[in-house]
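S.K.: structure for this input, please:
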Amino acid sequence: MIEIEPDEFTAANYQATGVSRFKGNPFIEALPQLEDRKLDFLEALAHYPEMPTAATRKSGEMIRLMEMNQINDIVVPFAEYEQTAVAMANMLRDSYVARHPDSPSDRRRRHALATQGRSQMPFPSDWRTSGSGHLLIAISGMGKTTLAKAFLLRYQQLIVHQSYCGKALRCVQVPHLSLRVPHDGTLRGLCLQFFDVVDRLLGTEFRKEALALRSIAPMALQMTKVASALSLGLLVIDELQNLRYAMGKNAEYVLNLISDLIEHAGTSVLTIATPAVQPVIEGSIRNGRKMASAGQTVLRPMTLGDPQWKLFCETYWDYTYTKRKPRLSKEILKAWHRVSAGNSAFAATAFGLAQRHAIGTTECIDEAAFFRVAEKEMAFLQPAIEALNSGNPSKLRQFDDLVFSERFRALRSQLGVATPPINEPVDDEFDDIPEEEAPEPAARSRQTRPSGNLKTEEPRELN
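M.R.: The predicted structure is shown next:
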């Protein structure tokens, strides 16, 4: 394990979880209190900045243009977010069940892994990982990365243990780290990114050590060793679809590394991707099962008649900065959906651009404002948006990150997970939506990365 000196931000604070499976496990009891209800996850993920008032809308043009930048900070949690959030909470905690620091079996595992390549100590046959994987798939702009980042805001990235229940326990714990698969999909790039993140967090020099290795296999093994030594709980790997650009067997190597982190380091892994990841996963069912052992979540665009579309639009409409704030009519809802296809990122972009054009000119957002934005600033997105609006499989297949292939649907069926239907046009209309008071913003606190006086050493078993 690795030791550092704690400070007021990083020192472990233990609290009982109420879960019998977690009782007496310092790695789990040092984490934030578990939510009482599943709904609490959605409320915690939500973020609503301060809304403009009537006085704000009377301010100067440049003031309002600057103020409206906070639209980018809005997080409207979708119902599907709950599934991933619950999975992340469980995966993070459950990964430590098999890694209790007082477990003789886990001490043997740590030692065998730390000395692999230097000794012939066998991996303990009685140790079984409690780490797992969850796969989050959605087209670009549906809030995949936002969901993961919002969830992890409540969790420290570094916890320092000194003692537990009167017994010495000198080690560090890293509850979570986040990586992105490089654009070229190389295993080397992913490993070096991991060491960079760890070095920034702890002040270590793992990247330098990794660069001294002559081949990629020892580098991947070193990543697994460091993850184990840090007692890494959850690793988030975003942009998994970039593996489709990997040369040779790099994609397979990365998937093997993910499985190895789960099986030998005991770390849980959340992988995030667009549907373009399909050929990568189709080529390795074994690794696919590992990555989805804790389930899969698919986020799809909102249809016009979807209550979530109504909620989404109502929420954003409260952040209108033009001098006039009209009623959110069914015509505006239709136009807004037409130019975004129910994609949350496209919809937020269209709303922001429409306001920027209206401030200082018409000072009002209407359906024409959305169509003007679609024809100009968002013109390059229109082929994809039109494909989504049409629901036509032949058009959707022109964009590999918009649609699930038949082979991938069959694979998901083998894994016991249903694939949502293609987004189809819906004629449902909403009644006009009157202006209402916005809900109270959910409280959020942004974690500041703690610092401490570091003392590092080679991964070793816990004394």
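S.K.: hmm, Lys38 is touching Glu82, no?
M.R.: Yes - here Lys38 reaches Glu82: they are 5.6 Å apart, a contact under C-beta atoms under 8 Å. All C-beta spots, glycine's among them, are computed from the backbone N, C-alpha and C.
S.K.: quick one: which of these two has more around it?
M.R.: Glu82 (17 against 12; other C-beta atoms under 10 Å).
S.K.: what is the one helix or strand the more buried one maps to packed up against?
M.R.: Element membership of Glu82 [criterion: DSSP states H and E] is helix 81-94. For helix 81-94, the packing partners by 3 or more C-beta pairs under 8 Å, 6 or more residues apart in numbering; DSSP states H and E come out as helix 38-45, strand 133-138, helix 144-152, strand 234-238, strand 268-273, strand 296-299.
S.K.: apply 10 Å and report the result again.
M.R.: Packing contacts for helix 81-94, counted by 3 or more C-beta pairs under 10 Å, 6 or more residues apart in numbering; DSSP states H and E, involve helix 26-29, helix 38-45, strand 133-138, helix 144-152, strand 234-238, strand 268-273, strand 296-299.
S.K.: doesn't His161 fall inside a helix?
M.R.: No - His161: not assigned to a helix; according to DSSP: H, G, I helix; E, B strand; the rest coil it is strand.
S.K.: what's across from it in the sheet?
M.R.: His161 has these beta-bridge partners by DSSP bridges: Cys171.
S.K.: that one and Val172: what is the separation?
M.R.: Look at His161 and Val172: by C-beta to C-beta, to the nearest Å, they are 7 Å apart.
S.K.: same question, Gly203
M.R.: 12 Å.
S.K.: could I get the helices and strands packed on helix 81-94 as JSON lines with mean pLDDT?
M.R.: Listed next are these as JSON lines, based on pLDDT from 0 to 100:
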{"stretch": "helix 26-29", "mean pLDDT": "98"}
{"stretch": "helix 38-45", "mean pLDDT": "93"}
{"stretch": "strand 133-138", "mean pLDDT": "94"}
{"stretch": "helix 144-152", "mean pLDDT": "94"}
{"stretch": "strand 234-238", "mean pLDDT": "98"}
{"stretch": "strand 268-273", "mean pLDDT": "97"}
{"stretch": "strand 296-299", "mean pLDDT": "91"}
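S.K.: closest one to Pro307 among the ones you listed?
M.R.: Across the helices and strands packed on helix 81-94, the minimum distance to Pro307, taken as C-beta to C-beta, is reached by helix 38-45, at 14.1 Å.
S.K.: please point out which parts of the closest one sit buried.
M.R.: Phe41, Leu42, Ala44, Leu45 (16 or more other C-beta atoms under 10 Å).
S.K.: so which elements touch that helix?
M.R.: Short answer (3+ C-beta pairs under 10 Å, 6+ apart): helix 38-45 packs on helix 81-94, helix 144-152.
S.K.: can you name the secondary structure element that comes next after it?
M.R.: Moving toward the C-terminus from helix 38-45, the next helix or strand (DSSP H and E) is helix 54-57.
S.K.: off-centre distance for that next one?
M.R.: Offset of helix 54-57 from its chain centre (C-alpha atoms, centre = their mean, to the nearest Å): 35 Å.
S.K.: which is the next helix or strand following it?
M.R.: Downstream of helix 54-57, the first helix or strand assigned by DSSP H and E is helix 61-67.
S.K.: can you give me the end-to-end span of stretch 159-173?
M.R.: Stretch 159-173 has an end-to-end distance of 5 Å (C-alpha to C-alpha, to the nearest Å).
S.K.: mean confidence score for it?
M.R.: Computed over stretch 159-173, the mean pLDDT rounds to 94.
S.K.: off-centre distance for it?
M.R.: Using C-alpha atoms, centre = their mean, the offset of stretch 159-173 from its chain centre is 29 Å.
S.K.: buried sites along it?
M.R.: Neighbour-count burial for stretch 159-173 [16+ other C-beta under 10 Å]: Ile159, Val160, His161, Tyr164, Leu169, Arg170, Cys171, Val172, Gln173.
S.K.: just send these back as JSON lines, with distance to Pro218 too.
M.R.: Shown next, in JSON lines, are the buried residues of stretch 159-173 (distance: C-beta to C-beta, whole Å):
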{"residue": "Ile159", "distance to Pro218": "29"}
{"residue": "Val160", "distance to Pro218": "29"}
{"residue": "His161", "distance to Pro218": "29"}
{"residue": "Tyr164", "distance to Pro218": "34"}
{"residue": "Leu169", "distance to Pro218": "30"}
{"residue": "Arg170", "distance to Pro218": "28"}
{"residue": "Cys171", "distance to Pro218": "24"}
{"residue": "Val172", "distance to Pro218": "23"}
{"residue": "Gln173", "distance to Pro218": "25"}
